[in-house]
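Visitor: This is the structure alone, sequence omitted:
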């Protein structure tokens, strides 16, 4: 596609995304996605269409920076834990993929031209171990849309983004799907333990990275 046409298409897409954002606000989707009781009742009354609407809700929540737990926990009162796990993973992966693609297509070139050289150097190290880096980022940030946007502006490949996202989201999705409210209470009541677990995961990832480097050197 020619640069001028590509620029026009980007502007059209950006305008459509902005319009969709406004419509979500006008029709009260923002309020709905922040009301746990309404979410639970809505999916209970949705019957066979519930799972499809649930996945769409994940996509709608993506640009709102809504935590994944805000949707997963109400769903545990509607479906079995393994259904919630499957629906949440599917919805989360689709939403993350959209965020990644939009950031890469609309913002990557513009943002990278304005990034400090220090960030570019750090990003090269991140991309060098892209799969492990993505997994660790996902374990720490969960469903945070900012992680999708960040990965979208890096040079990470789609394959590494996708696999890293699936592996990284699985543990937190399982915990919320299986334990529901207890997960939130546990994190809230024992923040130091939750923080320690996160730090341990990061150090394990770093140790694995060094082990691979030493194995290659040998």
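Guide: Everything's here; your move. Not measured: the values here are computed from a predicted model.
Visitor: From now on I want contacts and neighbour counts done on CA atoms only, so please keep to that.
Guide: OK.
Visitor: need the contact list for the closest residue in space to residue 107 that isn't next to it in sequence.
Guide: Using Cα to Cα, 6 or more residues apart in numbering and skipping residues adjacent in sequence, the residue nearest residue 107 is residue 153, 6.9 Å away. Contact analysis of residue 153 by Cα atoms under 8 Å, 6 or more residues apart in numbering lists 103-104, 107-109, 111-112.
Visitor: ok, now with 7 Å
Guide: Contact analysis of residue 153 by Cα atoms under 7 Å, 6 or more residues apart in numbering lists 103-104, 107-108.
Visitor: Provide a PyMOL selection command restricted to the buried entries of these.
Guide: Selecting only the buried entries of the contacts of residue 153 in PyMOL, with 16 or more other Cα atoms under 10 Å as the criterion:
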select buried, resi 103+104+108
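Visitor: check which helix or strand covers residue 124.
Guide: According to DSSP states H and E, residue 124 maps onto helix 117-128.
Visitor: Can you pull out the residues in contact with that helix?
Guide: Helix 117-128 is touched from outside by 133, 154-156, with contacts defined as Cα under 7 Å, 6+ apart.
Visitor: Of these, which is the most crowded?
Guide: residue 133 (23 neighbours; other Cα atoms under 10 Å).
Visitor: For that one, give me phi and psi.
Guide: Main-chain torsions, residue 133, degrees, to the nearest 10: phi -60, psi -40.
Visitor: gap between the residue lying closest to residue 166 once chain neighbours are set aside and residue 55?
Guide: Leaving aside its sequence neighbours, residue 166 sits nearest to residue 93 (Cα to Cα, 6+ apart; 7.0 Å). From residue 93 across to residue 55, the span is 10 Å (Cα to Cα, to the nearest Å).
Visitor: Near residue 178, how many other residues are there?
Guide: Residue 178 has 19 neighbouring residues, counting by other Cα under 10 Å.
Visitor: Could you check the pLDDT of it?
Guide: If you check residue 178, the pLDDT there is 87.
Visitor: got the angle between whichever strand or helix holds it and helix 117-128?
Guide: According to DSSP H and E, residue 178 maps onto helix 158-179. In terms of direction (axes from the mean of the first three to the mean of the last three Cα atoms, to 10 degrees), helix 158-179 departs from helix 117-128 by 80 degrees.
Visitor: For helix 158-179, give me every contacting residue.
Guide: For helix 158-179, the surrounding residues in contact (Cα under 7 Å, 6+ apart) are 69, 72-73, 76, 81, 84-85, 93, 130-131, 134-136, 138-139, 142, 183.
Visitor: Buried residues, that helix. List them.
Guide: Result for helix 158-179 [16+ other Cα under 10 Å]: buried residues 160-162, 164-170, 172-178.
Visitor: For stretch 139-154, measure first residue to last.
Guide: Taking Cα to Cα, stretch 139-154 runs 18 Å from one end to the other.
Visitor: Identify each buried residue in it, please.
Guide: Of all the residues in stretch 139-154, those buried under the rule 16+ other Cα under 10 Å are 139-149, 151-154.
Visitor: residue boundaries of the helices in the protein?
Guide: Read by DSSP state H, the chain holds these helices, from start to end of the chain: 3-26, 29-33, 36-44, 50-61, 69-75, 81-102, 108-112, 117-128, 130-141, 145-153, 158-179, 181-189, 191-217.
Visitor: thinking again about what came up before, residue 50: which of the buried residues of stretch 139-154 is nearest?
Guide: Nearest to residue 50 out of the buried residues of stretch 139-154 is residue 143 (Cα to Cα; 20.7 Å).
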